[in-house]
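[1] Quick one, fold the following:
(2 chains)
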Amino acid sequence: MHWGAAVAIVGVAGLIGLSLLGTATSTPADRLSLLVVGVLLAIAAWWLPGTRLTADREAGAFLLCLCLFLIQGVARTAGPAEGYELHLSMLPNDSFPLSWAARLAVMATVVALPAWKGAASGWLRGVFAAAIILVLLGAGSLFLLGRFLTVGATEQVDPAVLANLIIQLVEYTALALLAACIARSPGCRTWTLRLLPIAMVLLGFWLKHHQGGAA
Amino acid sequence: MKKLLTLLDSVLLVVVLVTLCSQVEVGRLGADTYKKHGFVTKQLHLSLGEMMLMGTLVWFAISTSLRGGWRKLWWPPFCSWAFLLVLFVAAIHSQSVREAVGGYGLQHHVHGLASNIKSLVKVQQSREALADLVQFSLFFIWAPWLFVNLMRDQRDTPQESRRFLALIAVVAAVGLVLLVGLLQLRHGPDAPKSLFESPNAYNGFLAFILPFVTVLLASRRQIAWAVVGLVLLVIAVLSMASIWAVLALLIGLLVAALFAAGPVRMRVACCLVGTVILLPFAWPLTLPLRHDTINIDRFGKTHAGPITLEQSRADSLHLASQAQPVKKQFVEWYAAVGMARPREKAFATGVGPGNYQLNIGPMYASLPNEEKMPPDSNNLYLVQAMTGGFLGLAALLWVLATYLHQARLASGWYSAGLCGSLAAFTVVNLFHALLVRGTGVLLAFLFALAVVTAREAGSKDRGR
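    Down below sits the predicted model:
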């Protein structure tokens, strides 16, 4: 097993663990998505014709990324809301709470940094392109609007929106990189894609049981 | 019998391509609740092109079954299916869609699986999502699948090539669209929209198909075809009201010229330069025949006398409108970025396909929101980011990059034309979202052409 993939798997396990914490909250949409995607992916990973899909590195990176995004949706609600907050000097009146899940995802990605080199794929390039486009459009429109409208936390244009965008982009791009690191190693990819959907289905039922409501 | 089937396939391919280069409507599915009750719910617009496409898909499936050729068909790459999967996940992961469906169920005491499935088509949010899923599956799966397998038909031996026929159909369709646009330009008073529902859709269509058509005509042996290409470009630019679409077209031509080689590059460059030089001389064409028309612009100011497109073009250049200091088109860019607010919980997978308009309003917060958005003037990337989330936008770009790579592998002028058109498509979608009827399936055709020409180039290399 490639050590970058090992670090990434530990990170993913941590995210699933966070999702199980009592402080994590989920919506019916979260639970439904975990169950549906978990079942579909389990069929793809365990059913013989579908294993060709999981044998492909790019497809594997995408499918893992999809799963991690769904798990993160629950995991990021775990822990105290005020936890660690980011303060930016440009926005002294705003604070940006960083969830435990976000910190874990970014730390795991940083530790697995040297493993990024061989993890590039068409899917990962799509993720980076999306992040760059969103930052450019967000920053560009803030710059444009700032010339004609008032800017401030209680003014017409709230710059905290751009800060939130960048923070979330970093968080979710880190998840995509973790998925790419796991997908880089064929054995890791295959077994993670086989076990992760089972974990997602169990997580969906766990959340439904502990938080109530229909899936 | 085999010849008859082949002929029918050819005829249907031509008819589909010609009818797809338009937004001519044949009907609508769903009740017009606005007229009856005063509120809007989703109506599925049935365009002539899409009806022909769906009919041809059914016919193709039947004829393939008759010939036993399923194993010989090309299938879209994984990224296209991944994009559909992302949109599906966006629909089921959207809390707003979930709440709307659940609320309907509670209100109408809906029980049981069948009733719940029925309620999916009653609730606006889920109807929008379903309609978009169907539409996007046409654009990214079924239309490319049909076009590749018809243009390079390997179901029988020897294989049938309809690529040249398809190219003639597209050029004829573009010519027809431009002719109608020119007639509308001459008879005024509104900006031409040809066979499309809005001038912006018409402009976007021209911006992204003309680089390919120009390179196609410039690649012919007789130089007269390059002159035809130049004439088409001049007419197109004259009739386009959107400066952004013109900019995208010029960028597409520049990219095509850079990727082309030899005499084709020279001719494309001449078309580009020739368009800029000829425009002032061709300007009188924009003066309509009806000189007695009174023109009222969007600020309510009256202009007497001949109408030109200057007002529409000046309007697209002005940053401000009468109602607010920055046009709504650009204000909405920052409003859409508001999806990243943690309370929205829509960043990763979005608010669900087709639910952009239903969710953008609250995103404005304190931003000015006084005027109506012109039709077809959204930013596709932000719409996709909001409806499919960060995941959806990444998947869309993955698909575009995959086919762009195929276009680069294509041989000769095809590569230049396809790259130019895809570059123009990328730029024009910043200002006019083109994944709609009339343009979305044309994109699928360009995808299919990239695949067919790349495969043929690969076969030739292997033969050597």
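[2] what's near enough to touch the residue nearest to residue B:432 when sequence neighbours are not counted?
    Excluding the flanking residues, the one nearest residue B:432 by Cβ to Cβ, 6 or more residues apart in numbering or on different chains is residue B:204, at 4.1 Å. To be clear about C-beta, it is placed using only N, CA and C from the backbone, and glycine gets the same treatment. Applying Cβ atoms under 8 Å, 6 or more residues apart in numbering or on different chains, we find residue B:204 in contact with B:242, B:245, B:248, B:376, B:428-429, B:432, B:434, B:439.
[3] any idea whether residue B:204 is helix, strand or coil?
    Here residue B:204 is helix, with the state taken from DSSP: H, G, I helix; E, B strand; the rest coil.
[4] So for it, what pLDDT did the model give?
    pLDDT, residue B:204: 94.
[5] circling back to that earlier point, please indicate which of the contacts of residue B:204 are buried?
    B:242, B:245, B:248, B:376, B:428-429, B:432, B:434, B:439 (16 or more other Cβ atoms under 10 Å in any protein chain shown).
[6] Please identify the residue of the stretch 251-400 of chain B positioned nearest to chain A.
    residue B:398 (3.3 Å; Cβ to the nearest Cβ).
[7] Can you tell me the SS state at the residue nearest to that residue when sequence neighbours are not counted?
    Using Cβ to Cβ, 6+ apart and skipping residues adjacent in sequence, the residue nearest residue B:398 is residue A:126, 3.3 Å away. Judged by three-state DSSP, the three-state class of residue A:126 is helix.
[8] if I pick residue A:126, what's in contact with it?
    B:394-398, B:401 are the contacts of residue A:126 under Cβ under 8 Å, 6+ apart.
[9] what's the spacing between whichever residue of chain A sits closest to chain B and residue B:404?
    Among all residues of chain A, residue A:126 sits closest to chain B, at 3.3 Å; criterion: Cβ to the nearest Cβ. Noted for residue A:126: a distance of 12 Å to residue B:404, by Cβ to Cβ, to the nearest Å.
[10] residues near residue B:393, how many?
    27 (other Cβ atoms under 10 Å in any protein chain shown).
[11] Surely it and residue B:387 touch.
    No: Residue B:393 is beyond contact range of residue B:387, at 9.4 Å (criterion: Cβ atoms under 8 Å).
[12] Can you pull the phi/psi pair for residue B:378?
    phi -80, psi 160 (degrees, to the nearest 10).
[13] Just the element for the nearest residue to it once chain neighbours are set aside, please.
    Spatial nearest neighbour of residue B:378, excluding adjacent residues (Cβ to Cβ, 6+ apart): residue B:433 at 4.4 Å. Under the criterion DSSP states H and E, no helix or strand holds residue B:433.
[14] Neighbours of the residue lying closest to residue A:57 once chain neighbours are set aside, how many?
    Nearest residue to residue A:57 in three dimensions, chain neighbours excluded: residue A:183, at 5.3 Å (Cβ to Cβ, 6+ apart). Residues contacting residue A:183 under the criterion other Cβ under 10 Å number 30.
[15] From residue A:196, how far out is residue A:183?
    Counting by Cβ to Cβ - residue A:183 and residue A:196 are separated by 12 Å.
[16] Quick one: the strands in chain B, in order.
    With DSSP state E as the criterion, chain B has strands at B:25-29, B:44-47, B:152-153, B:160-161, B:294-296, B:302-304.
[17] do the same with chain A
    According to DSSP E, the strands that chain A contains are A:84-88, A:91-98.
[18] what would those look like in a markdown table with mean neighbour count?
    Output for the strands of chain A, formatted as a markdown table (neighbours: other Cβ atoms under 10 Å in any protein chain shown):
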| stretch | mean neighbour count |
| --- | --- |
| strand A:84-88 | 12 |
| strand A:91-98 | 14 |
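[19] Including mean pLDDT, could the ones you listed go into JSON lines?
    Below are these laid out as JSON lines (pLDDT from 0 to 100):
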{"stretch": "strand A:84-88", "mean pLDDT": "76"}
{"stretch": "strand A:91-98", "mean pLDDT": "79"}
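[20] Out of these, flag the one nearest residue B:453.
    Each of the strands of chain A has some distance to residue B:453 by Cβ to Cβ; the shortest is strand A:91-98, at 48.7 Å.
[21] you'd agree residue B:82 is up against residue B:397?
    No: under the criterion of Cβ under 8 Å, residue B:82 makes no contact with residue B:397, lying 11.8 Å away.
[22] just for the chain, where's the confidence low?
    Picked chain A for this. Low-confidence segments of chain A (pLDDT under 70): A:1, A:81-83, A:212-215.
[23] could you do chain B instead?
    For chain B, the ranges with pLDDT under 70 are B:29-44, B:109-116, B:188-189, B:283-312, B:321-323, B:461-464.
[24] So what's the residue count around residue A:109?
    25.
[25] residues touching it, list them.
    Contact partners of residue A:109, counting by Cβ under 8 Å, 6+ apart, are A:8, A:11, A:174-175, A:177-178, A:181.
[26] Nearest to residue A:87 among those?
    Residue A:87 has its nearest neighbour among the contacts of residue A:109 in residue A:174, at 20.8 Å by Cβ to Cβ.
[27] where along the stretch 351-464 of chain B do the helices fall?
    B:356-363, B:380-409, B:412-428, B:440-463 (DSSP state H, counting those that start in this stretch).
[28] got the contact list for the shortest one?
    For helix B:356-363, the external contacting residues (Cβ under 8 Å, 6+ apart) are B:96, B:124-125, B:128, B:332, B:335-336, B:338-339, B:344, B:346, B:351, B:369, B:378, B:383, B:386-387.
[29] Please name the residues that touch the most far-flung residue of chain A relative to its centre.
    Distance from the centre of chain A peaks at residue A:148, with 35.5 Å (Cα atoms, centre = their mean). Taking Cβ under 8 Å, 6+ apart, we find residue A:148 in contact with B:319-320, B:325-326.
[30] hmm, try it at 10 Å
    Listed by Cβ atoms under 10 Å, 6 or more residues apart in numbering or on different chains, the contact set of residue A:148 reads A:156-157, B:319-320, B:324-326, B:330-331, B:368.
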